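*Asks:* Quick one, fold the following:
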Amino acid sequence: MFGATKRSDSTESPTEVQDSYVQNGDPLAELPKTRWERLMPAMACGSGLFSDGYINNVIGSVSVMLGKIYGKEYTNSPSQQNISAITFAGTVLGQLIFGYTSDKWSRSGSLLASTCILVIFAALGAGSYGYHGSIQGMFAALTAYRFLVGIGIGGEYPAGSVACSEATGELKSGSRNRWFIMFTNVAIDWGFVIGAFIPYLLVVICTEKHLRAAWRISLGLGVVPPLILLYLRLKLKEPEEFTRESMKHVKIPYKLVLKHYWFRLAIVSMIWFIYDFSVYSFGIYSAKIIDTIIGETASMATSFGWNTVVNLFYIPGAMLGSIFSDKVGPRLALAIGVTLQGLVGFLMAGLYPTLSQPQNIAGFAVVYGIFLSLGELGPGDNIGLVASKTCATGVRGQYYAIAAATGKIGAFVGTYVFPYIEKAGGKGTNASAQYPFYVSSALCIFTAGLVFLLPHIGQDTITAEDIKFRAYLEEQGWDTSQLGLKKGETLESQAGVTEAESTKE
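*Replies:* I've put the predicted structure just below:
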């Protein structure tokens, strides 16, 4: 069941087969597959996070359009905040649900389910309608659909990213981190860019006289990426590593799992929480730069255009970080990225009174762009890698889901905490913009220290971690021959098949 791909000696025992697997630390890379056959599963699994970036970012522009169309009926109602924030709640729920199903049901099945949810509720969101044409009813419908589409987005994390990390195990050693990052974090970042660009383009085409069409089309186009992926995902098979190591048909020994992984999970979750918590403050300077450049009388199209430019700041760091992660490893790349980001953050906060002057806005924008790129080069690119490679395959979906959900909670908490930090600096003062960045920059440095509490993460860490976890379970008296059992299969029937194959040979 779990040995070399082919037996060469009919007298070889199951123990010897397992030993040969342990000695070959990179068995998946030797599977007879073409380059496309290796890349396609990783792309199909990970690229769904593009929808996360698009759907989460496009709603900011859509909210501006709704405010322009419906005025105080929208801006003075709870809907303005709910429509933007409710997706977070759906995402957390989706992460936890699909984290469990991806381990106990199917990686590919969970991906298909989350993709269908994305398609259905992204489409319904674009067609939101209130009873008898009620405006508040339409806002309520849009809020509900945003929550449900968030569940689909949440499924992309534990099902998609975890399956992507396992699929990259079949790629050439030395390039695995790069491809994982390209298909996950770089995809998210491009989703953010396109999520800013599409509303800009539609406002230019439709003009501000036809914003009702623009906001619905903006949301409706969110259906396209998951529809494309649906075709690829219909062809997906379970990752080889999951087939070998899953606990889908046995009772997971949660006490043993927690005993072994609780500390790592706590550290990874804390890093993700701090990163997403701090992201709120990063947008403060973005608003200042845009307001200074375009002024208060700029058109909606101009504002959306500059929003697209700001989102492009993320791309260089994400792209370069994918290569950097392969060179130095995810742990060191994350630590270096957040350290440099923290230092640049302290610099910007300290020089904010000077940088924020209109005559210095070009330099401010460049420094801010470097700051955002460093965030992607470090935690943006590598937090998913760290979460997916510090745990065994059998419980990876749930481990990743808890860490990712903690991060989303951090983002939600940040939106409520940072306004108080701004207020502490005094309304309209430089300190109100400096304090949040001092806090975030200090947290960046703290995060760099947390990273080194995690184990080394190499190119073959997924396979190596599974071997170590097997050894741990055996030490605790848990029968590891249960790993990888198929539906309806028992240890007795599996032993009978193995014996029959040996006799036949």
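*Asks:* Would you tell me which helix is longest in this protein?
*Replies:* When the chain is parsed with DSSP state H, its longest helix is helix 254-294.
*Asks:* From the contact counts, what lies against that helix?
*Replies:* Helix 254-294 is packed against helix 300-312, helix 330-350, helix 361-375, helix 381-389, helix 396-424, helix 430-451, helix 461-475, with contacts defined by 3 or more CB pairs under 8 Å, 6 or more residues apart in numbering; DSSP states H and E. Heads up, the C-betas are built off the backbone N, CA and C, glycines and all.
*Asks:* Which elements pack onto the next helix or strand after the second one?
*Replies:* Going back to what we said before, that points to helix 330-350. Sequence-wise, the next helix or strand downstream of helix 330-350 (DSSP states H and E) is helix 352-355. Contacts defined by 3+ CB pairs under 8 Å, 6+ apart place helix 352-355 against helix 361-375, helix 430-451.
*Asks:* ok, and for helix 352-355, which residues are buried?
*Replies:* 352, 355 (16 or more other CB atoms under 10 Å).
*Asks:* Now do the residue nearest to residue 395 when sequence neighbours are not counted: how many residues are near it, please.
*Replies:* Nearest residue to residue 395, sequence neighbours excluded (CB to CB, 6 or more residues apart in numbering): residue 257, at 5.3 Å. The number of residues packed near residue 257 is 21, by other CB atoms under 10 Å.
*Asks:* For the most centrally placed residue in the chain, give me its contacts.
*Replies:* Computing the C-alpha centroid of the chain and ranking residues by CA atoms, centre = their mean puts residue 157 first, at 5.4 Å. Taking CB atoms under 8 Å, 6 or more residues apart in numbering, we find residue 157 in contact with 49, 91, 94-95, 98-99, 400-401, 404.
*Asks:* can you rerun that using 6 Å?
*Replies:* 95, 404 (CB atoms under 6 Å, 6 or more residues apart in numbering).
*Asks:* Make a markdown table out of the helices and strands packed on helix 254-294 and add distance to residue 168, mean neighbour count and mean pLDDT.
*Replies:* Listed next are the helices and strands packed on helix 254-294 as a markdown table, based on distance: least, CB to CB, whole Å; neighbours: other CB atoms under 10 Å; pLDDT from 0 to 100:
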| stretch | distance to residue 168 | mean neighbour count | mean pLDDT |
| --- | --- | --- | --- |
| helix 300-312 | 26 | 19 | 90 |
| helix 330-350 | 12 | 23 | 95 |
| helix 361-375 | 23 | 20 | 89 |
| helix 381-389 | 9 | 29 | 95 |
| helix 396-424 | 13 | 21 | 91 |
| helix 430-451 | 21 | 20 | 92 |
| helix 461-475 | 8 | 18 | 93 |
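*Asks:* Nearest approach to residue 269 belongs to which of the ones you listed?
*Replies:* helix 396-424 (4.0 Å; CB to CB).
*Asks:* Quick check: pLDDT value at the residue nearest to residue 395.
*Replies:* According to the prediction, residue 257 has pLDDT 97.
*Asks:* what's the answer for residue 3, then?
*Replies:* pLDDT, residue 3: 36.
*Asks:* Next: residue 500.
*Replies:* So, for residue 500, pLDDT stands at 48.
*Asks:* Repeat that for residue 39.
*Replies:* We note a pLDDT of 85 for residue 39 in this prediction.
*Asks:* Which secondary structure state does it sit in?
*Replies:* Local secondary structure at residue 39 is given as helix here, using DSSP: H, G, I helix; E, B strand; the rest coil.
*Asks:* next one: residue 252
*Replies:* Going by three-state DSSP: residue 252 is coil.
*Asks:* Report how many residues lie close to it.
*Replies:* 15.
*Asks:* who are the neighbours in contact with it?
*Replies:* Applying CB under 6 Å, 6+ apart, no residues qualify as near residue 252.
*Asks:* Now do the phi/psi pair for it.
*Replies:* With angles defined as degrees, to the nearest 10, residue 252 sits at phi -70, psi 130.
*Asks:* just residue 253 next, same as before
*Replies:* The phi/psi pair for residue 253 (degrees, to the nearest 10) is phi -80, psi 80.
*Asks:* sorry, back to before: the helices and strands packed on helix 254-294 into a markdown table, with extra columns for distance to residue 289?
*Replies:* Output for the helices and strands packed on helix 254-294, formatted as a markdown table (distance: least, CB to CB, whole Å):
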| stretch | distance to residue 289 |
| --- | --- |
| helix 300-312 | 7 |
| helix 330-350 | 11 |
| helix 361-375 | 5 |
| helix 381-389 | 24 |
| helix 396-424 | 17 |
| helix 430-451 | 11 |
| helix 461-475 | 39 |
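*Asks:* Nearest to residue 218, out of those?
*Replies:* The nearest among these, by CB to CB, is helix 300-312 at 10.2 Å.
*Asks:* Quick one: distance of that closest one to the chain centre.
*Replies:* Distance of helix 300-312 from the chain centroid (CA atoms, centre = their mean, to the nearest Å) equals 23 Å.
*Asks:* Show me what it is packed up against.
*Replies:* Here helix 300-312 touches helix 185-206, helix 254-294, going by 3 or more CB pairs under 6 Å, 6 or more residues apart in numbering; DSSP states H and E.
*Asks:* Which of the ones you listed has the lowest mean pLDDT?
*Replies:* helix 254-294 (a mean of 87).
*Asks:* circling back to that earlier point, out of the helices and strands packed on helix 352-355, which gets nearest to residue 184?
*Replies:* helix 361-375 (15.4 Å).
*Asks:* For that closest one, list the C-alpha coordinates in CSV.
*Replies:* The C-alpha trace of helix 361-375 is given here as CSV (Å, rounded to 0.1, in the frame of the first residue of the first chain):
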residue,chain,number,x,y,z
ILE,A,361,3.8,62.7,-2.5
ALA,A,362,5.8,60.9,-5.3
GLY,A,363,8.5,59.8,-2.9
PHE,A,364,5.8,58.8,-0.4
ALA,A,365,4.1,56.6,-3.0
VAL,A,366,7.4,54.9,-3.9
VAL,A,367,8.3,54.1,-0.2
TYR,A,368,4.7,52.9,0.4
GLY,A,369,4.9,50.7,-2.6
ILE,A,370,8.1,49.1,-1.3
PHE,A,371,6.5,48.6,2.1
LEU,A,372,3.5,46.8,0.5
SER,A,373,5.8,44.7,-1.7
LEU,A,374,7.9,43.6,1.3
GLY,A,375,4.6,42.5,3.0
